[in-house]
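Structural data only, the sequence is not supplied:
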């Protein structure tokens with residue numbers, strides 16, 4: 001006999017998550033929520049330069065983010081308790097806030113990407129400016145050489161060519177100085193995000209702006225789904241821990257009401273048959289009594305329930321029969337010990 005004692009049957013042998021798993025889940029969730037909030041702040045803070053308005057818009061972004069994830073948590077809670085109308089309203093509220101949040105994240109990521117592109121363009125512009133100056137000097141030297149040839153044709157080497165040669169020498173020095181300054185500039189490094197955008201644009205055959213837009217939308221939606229998933233994991237784990245510590249409690253849902261009624265009926269049956277439990281050959285009473293006597297099984301309800309996949313009510317009836325037969329006794333701390 002293995003009645004259903006709650007929404008999480010124990011015969012699945014699932015246990016609450018360990019400390020490492022819980023720490024990991026909370027870390028992932030916190031990181032995703034913080035990242036989503038920061039990206040939303042980047043957009044909302046750029047709406048106005050007034051410090052007061054920035055504070056107001058920043059608070060609005062934080063409220064939207066916190067409210068969005070709490071709405072998702074509340075959706076899981078209401079669905080678990082069978083309140084489907086309330087779950088639908090929480091889901092609608094979450095979707096509205098999620099659209100606002102995703103829009104904010106898109107704007108924030110886009111703003112950060114544009115800033116990176118602007119810095120790269122400024123660095124490239126500096127290098128290009130030095131290149132233009134060097135080219136202009138090269139053109140001036142070429143013009144001077146043409147003029148020198150003209151002076152030679154006119155037999156005015158002493159008066160014109162010497163001056164042009166001195167001017168070309170000075171121009172060469174300036175050209176070399178500009179080249180040194182250009183080469184001393186930091187190398188224009190393409191960021192990983194900009195490189196990814198460039199590769200996507202080449203792969204998809206679209207412009208860089210279109211690739212950037214699709215990438216930003218994808219990252220924003222993925223970040224929101226990532227955070228929502230782990231918020232749901234936290235909610236489910238909290239419900240499971242509550243049930244695991246209090247297995248006799250069952251949420252009052254239409255489905256759980258049937259289960260509760262079924263459990264009550266089986267409880268009555270187990271209570272009625274508790275006096276004849278020892279005589280029932282199909283009952284695990286004899287096997288459990290032998291295991292307790294041999295000390296191969298710890299004398300506790302939880303150990304018996306886990307080992308034989310029995311319900312709480314069945315184990316209660318079994319220990320009541322063992323205590324009635326004088327085989328087990330209860331200590332002052334309400335723990336059982338074998339005395340048979």
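Great, that's in hand. No experiment lies behind these values; they were computed from the predicted model shown.

Domain boundaries for the protein, per the record?
Split into domains by automatic domain parsing, the chain comes to 1-251, 273-338.

With mean pLDDT and mean neighbour count added, can I get these in JSON lines?
The way it works is simple: take the backbone N, C-alpha and C, and place the C-beta from them, glycine included. Shown next, in JSON lines, are these (pLDDT from 0 to 100; neighbours: other CB atoms under 10 Å):
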{"stretch": "domain 1-251", "mean pLDDT": "77", "mean neighbour count": "15"}
{"stretch": "domain 273-338", "mean pLDDT": "76", "mean neighbour count": "15"}
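
Show me what the helix or strand hosting residue 70 is packed up against.
Following DSSP states H and E, one finds residue 70 within helix 51-80. Other elements packing on helix 51-80 under the criterion 3 or more CB pairs under 8 Å, 6 or more residues apart in numbering; DSSP states H and E are helix 19-45, helix 84-153, helix 208-245.

Can you list the neighbours in contact with the helix or strand following the second one?
Think helix 84-153. Going down the chain from helix 84-153, the next helix or strand is helix 162-184, by DSSP H and E. Applying CB atoms under 8 Å, 6 or more residues apart in numbering, the contact partners of helix 162-184 are 127, 130-131, 133-134, 137-138, 140-141, 144-145, 147-148, 151.

out of these, which one sits closest to residue 27?
Distance to residue 27, by CB to CB, is smallest for residue 127 among the contacts of helix 162-184, at 42.4 Å.

still on that earlier bit, output the helices and strands packed on helix 51-80 as a markdown table; include the columns distance to residue 57.
Shown next, in a markdown table, are the helices and strands packed on helix 51-80 (distance: least, CB to CB, whole Å):
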| stretch | distance to residue 57 |
| --- | --- |
| helix 19-45 | 4 |
| helix 84-153 | 10 |
| helix 208-245 | 18 |
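
can you tell which of the ones you listed is closest to residue 74?
helix 84-153 (4.6 Å).

counting contacts, what elements does that closest one pack onto?
The contact analysis (3+ CB pairs under 8 Å, 6+ apart) places helix 84-153 against helix 19-45, helix 51-80, helix 162-184, helix 192-204, helix 208-245.

Tell me which other helices or strands the shortest one touches.
Pointing back at helix 192-204 there. The contact analysis (3+ CB pairs under 8 Å, 6+ apart) places helix 192-204 against helix 84-153, helix 208-245.

switch to 6 Å and redo it
When contacts are defined as 3 or more CB pairs under 6 Å, 6 or more residues apart in numbering; DSSP states H and E, helix 192-204 packs onto helix 208-245.

Helix 19-45 and the helix it packs on, what's the angle between them?
Helix 208-245 runs at 140 degrees relative to helix 19-45, counting by axes from the mean of the first three to the mean of the last three CA atoms, to 10 degrees.

Against which helices or strands is helix 208-245 packed?
Against helix 208-245 (3+ CB pairs under 6 Å, 6+ apart) you get helix 19-45, helix 51-80, helix 84-153, helix 192-204.

Need the contacts of helix 162-184 in CSV (columns: distance to residue 198).
Formatted as CSV, the contacts of helix 162-184 follow (distance: CB to CB, whole Å):
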residue, distance to residue 198
127, 18
130, 24
131, 22
133, 29
134, 28
137, 33
138, 32
140, 37
141, 37
144, 42
145, 42
147, 46
148, 47
151, 52
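
coming back round to it: mind checking which of the helices and strands packed on helix 51-80 is nearest residue 324?
Here helix 208-245 is closest among the helices and strands packed on helix 51-80 (CB to CB), at 27.8 Å.

so how far is the closest one from its chain's centroid?
5 Å (CA atoms, centre = their mean, to the nearest Å).

what angle separates that helix from helix 192-204?
Using the same axes, to 10 degrees: helix 208-245 against helix 192-204 is 110 degrees.

returning to that earlier point: quick one, which of the helices and strands packed on helix 208-245 is nearest to residue 316?
helix 51-80 (26.1 Å).

and the angle from the closest one to helix 19-45?
If you take the same axes, to 10 degrees, helix 51-80 sits at 140 degrees to helix 19-45.

quick one: the residue lying closest to residue 239 once chain neighbours are set aside and residue 140, what's the gap?
Nearest non-adjacent residue to residue 239, counting by CB to CB, 6 or more residues apart in numbering: residue 80, 5.7 Å away. As judged by CB to CB, to the nearest Å, residue 80 and residue 140 stand 80 Å apart.

Repeat that for residue 323.
As judged by CB to CB, residue 323 and residue 140 stand 109 Å apart.

try residue 200
Applying CB to CB, the value for residue 200 to residue 140 is 44 Å.
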